[in-house]
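J.: turn this into a structure:
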Amino acid sequence: MPQNKQIHLDNRPQGEAQVSNFKLVVGETPALKDGEVLVQHHFLSLDPYMRGRMNDAKSYAQPQALGQTMGGGTVGEVIESRHAKFSAGDMVVGMGGWQQYSVVDADQMGALRKVDTRQVPLSAYLGAVGMPGVTAWYGLVKIIEPKVGQTMVVSAATGAVGSAFAALSKARGCRTVGIAGGPDKCKYAVEELGFDACIDYKLHQDASSLSRALKEACPAGIDGYFENVGGMVLDAVLSRMNAFGRIAVCGMIAGYNGAPLPMTYPALILMNRLKVQGFIVSEHMEFWPEALKELGMLVASGKLRARESIAQGLEAAPEAFLGLLKGKNFGKQLVKLI
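T.: Here you go, the predicted structure:
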């Protein structure tokens with residue numbers, strides 16, 4: 001069995017996460033038992049939710065254990081199998097974590113899934129046709145419930161979730177507006193992802209200024225908002241929501257370092273009778289097949305062409321992850337391991 005490089009969480013962040021919170025270790029890959037599969041990872045997914053799990057705090061998921069491999073989504077190839085449903089050479093997606101290889105109990109529900117790479121690239125199963133894409137689908141379809149002609153807005157618009165949201169929203173006949181950081185990202189959002197408009201939040205110092213930009217981009221107001229950021233961005237969007245608007249709360253990346261994110265005018269929720277609902281996509285596995293089918297068709301047809309930021313080698317994962325938290329990535333953040 002091969003030697004296996006892993007990245008562990010060595011200590012918990014005090015405020016902003018640092019490279020020193022992580023530790024590279026090398027270990028032996030255990031021999032397979034009956035029902036297990038050895039997977040060599042080709043790509044590792046880096047996602048904002050991982051920052052919350054680094055804290056020892058009550059949340060929707062157990063904190064990442066110290067001295068253990070960081071959890072995360074992976075795609076790769078089956079190298080050896082002692083399970084009847086998997087064979088060497090199968091391409092699979094799972095939660096192998098920040099390491100080169102994983103030994104997977106393939107009998108565990110949802111632990112490993114075969115994927116078809118003939119029309120959809122392997123890496124896309126960690127982004128557009130993976131957890132981020134399904135996240136966008138669930139928030140839009142099941143919480144926001146868009147109608148033709150309505151206006152949809154998403155923050156972190158050029159990331160993995162935002163990219164999928166644009167394709168899904170446009171497919172439903174909605175005006176779709178993004179909020180992103182920097183002119184290059186906004187240009188990409190409109191010219192490549194199909195957004196009707198994109199607002200560069202970095203040009204705005206406060207919620208009032210951003211709200212004015214939203215008024216121009218959304219002249220009929222906002223009917224649905226997919227929240228990834230929080231803070232000033234949420235305040236600005238709330239001021240432009242239409243009556244009976246819907247907000248799907250997926251993330252609050254502005255507060256992931258522990259700083260509180262107070263809302264300036266929460267009374268707007270009552271005044272406009274808004275539906276504001278947080279969700280965790282892993283709690284809605286019954287909808288994944290439907291979502292993945294639509295997302296796969298969008299990618300295969302070229303209607304969803306999500307960009308990827310790829311760091312090279314496992315050792316690059318911590319720096320790439322910290323960059324993701326600061327918006328330095330352009331599209332889905334991956335680490336290429338092979």
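J.: measure residue 127 to residue 135 for me?
T.: Here residue 127 is placed at a distance of 11 Å from residue 135 (Cβ to Cβ, to the nearest Å). For the C-beta atoms, the positions are set from N, CA and C on the backbone; glycine is no exception.
J.: got any residues that touch both of these two?
T.: Shared contacts of residue 127 and residue 135, defined by Cβ atoms under 8 Å, 6 or more residues apart in numbering, comprise residue 164.
J.: okay, those two: which has more neighbours?
T.: Of the pair residue 127 and residue 135, residue 127 is the one with more neighbours under other Cβ atoms under 10 Å, namely 30 against 27.
J.: isn't that one up against residue 136?
T.: No. If you go by Cβ atoms under 8 Å, residue 127 and residue 136 don't touch, sitting 10.3 Å apart.
J.: name the residues contacting each of the two.
T.: In contact with both residue 127 and residue 136: residue 164, using Cβ under 8 Å, 6+ apart.
J.: pLDDT score for residue 1?
T.: Reported pLDDT at residue 1 in the predicted model: 82.
J.: just give the nearest non-adjacent residue to it, would you?
T.: Counting by Cβ to Cβ, 6 or more residues apart in numbering, residue 29 is the residue found nearest to residue 1 once chain neighbours are left out, at 4.1 Å.
J.: tell me the spacing between that neighbour and residue 317.
T.: 19 Å.
J.: likewise residue 150?
T.: Counting by Cβ to Cβ, the gap from residue 150 to residue 317 is 39 Å.
J.: how about residue 224?
T.: Relative to residue 317, and taking Cβ to Cβ, residue 224 is found at 34 Å.
J.: and for residue 92?
T.: Counting by Cβ to Cβ, the gap from residue 92 to residue 317 is 20 Å.
J.: before we move on, what about residue 286?
T.: 32 Å.
J.: what sits up against the lowest-mean-pLDDT helix or strand in the chain?
T.: When each helix and strand of the chain is scored by mean pLDDT, DSSP states H and E, helix 49-53 comes last, with a mean of 92. Contacting residues not belonging to helix 49-53 are listed as 17, 59, 61-64, 70-72, 251, 253, 256-257, 321, 325 [Cβ under 8 Å, 6+ apart].
J.: what number of residues lie near residue 10?
T.: Number of residues near residue 10 (other Cβ under 10 Å) recorded here: 13.
J.: report the contact partners of it.
T.: 20, 21, 22, 23, 66, 67.
J.: which pLDDT value belongs to the second one?
T.: You'll see residue 21 listed with a pLDDT of 98.
J.: residues near it, how many?
T.: 20.
J.: is it in contact with residue 55, as I believe?
T.: No. Residue 21 lies out of contact with residue 55 (Cβ under 8 Å); the separation is 10.7 Å.
J.: re the thing from before, could you pick out the buried ones from the contacts of helix 49-53?
T.: 17, 64, 70, 71, 72, 251, 253, 256, 321, 325 (16 or more other Cβ atoms under 10 Å).
J.: stretch 124-133: which residues count as buried?
T.: Burial within stretch 124-133, assessed by neighbour count using 16+ other Cβ under 10 Å, is assigned to 124, 125, 126, 127, 128, 129, 130, 131, 132, 133.
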